[in-house]
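Engineer: with the sequence up front, the predicted model follows.
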Amino acid sequence: MSQQLYRWPDAAKFGRRVPKEKFYEHGTVSTALREKFIAEVQRITWAYKLAETTINLAGSAAVPEIQIFEIDAKGEDVSDPVLIAIDKAIPFPIVLEINRGVGEARSTRMVAAHKQPSSGAPKIGAYYSTNWQPARSPRERQPLPTALTLPALYTALLAPLTPVAARPGEDLAEVAARLESVRKIEREIAVLERKLRTEPQFNRKVELRRALKTKQAELTVLVER
């Protein structure tokens, strides 16, 4: 599974700083979230715009463009509630790069969540991330995955981040749905394991073991490629 940072195309460079106040000035943002922005975020830059006009790949209704945002952290990281607020404010799919530290200690992680457009706010899945790694100059990064369309590129960018591999012919929305099922069954398995540890009755233990085995088999089917 690749953990490398990508070399974003020069033709797609946007390089516009976005005041962080833009993301929390609306009345729907809580005071706690506003304080997270202030405490965690130094700078937000709309770095690249991947679109048909910039990289000559056709988009779709679900993926008309892909935006690349850079966030400079004040401290060690930026929390998911801040990322979600930024994601919800932008109607297009986003890939985020979070930077921390300065000079030789500067490091970066790429993070993204599958985003599905809807009539209201977009539906955003769980966030997945690369490891922290030394910040690299563009020439030290790997080229973008080969793709014929923007939706295919979006899938290829997010696929290495997700804990399950896409199956042949499976699109990103289907992978995201399968991940939701995986998380649900993992929670159910954890509950069964806790009950099994504390259950004093033998007959009930047998039932719990049988239920646990069934759930573990379901999980295996979901995570297999």
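Structural biologist: Right, received. Where do you want to start?
Engineer: the helix or strand where residue 85 lies: how far from the chain's middle?
Structural biologist: Using DSSP states H and E, residue 85 maps to helix 80-89. Distance of helix 80-89 from the chain centroid (Cα atoms, centre = their mean, to the nearest Å) equals 11 Å.
Engineer: show me what the next helix or strand after it packs onto, helices and strands only.
Structural biologist: Sequence order places strand 94-100 as the next helix or strand after helix 80-89, per DSSP H and E. With contacts taken as 3 or more Cβ pairs under 8 Å, 6 or more residues apart in numbering; DSSP states H and E, strand 94-100 sits against strand 66-73, helix 80-89, strand 107-116. C-beta coordinates here come from the backbone N, C-alpha and C atoms, glycine included.
Engineer: residues near residue 114, how many?
Structural biologist: Neighbourhood size, residue 114 [other Cβ atoms under 10 Å]: 22.
Engineer: wait, doesn't it sit right on residue 175?
Structural biologist: Yes. Counting by Cβ atoms under 8 Å, residue 175 is a contact partner of residue 114 at 7.5 Å.
Engineer: so for the lengthiest helix in the chain, mean pLDDT?
Structural biologist: Looking across the chain with DSSP state H, the single longest helix is helix 172-198. The predicted model gives helix 172-198 an average pLDDT of 86.
Engineer: ok, stretch 213-225 next?
Structural biologist: For stretch 213-225, mean pLDDT rounds to 87.
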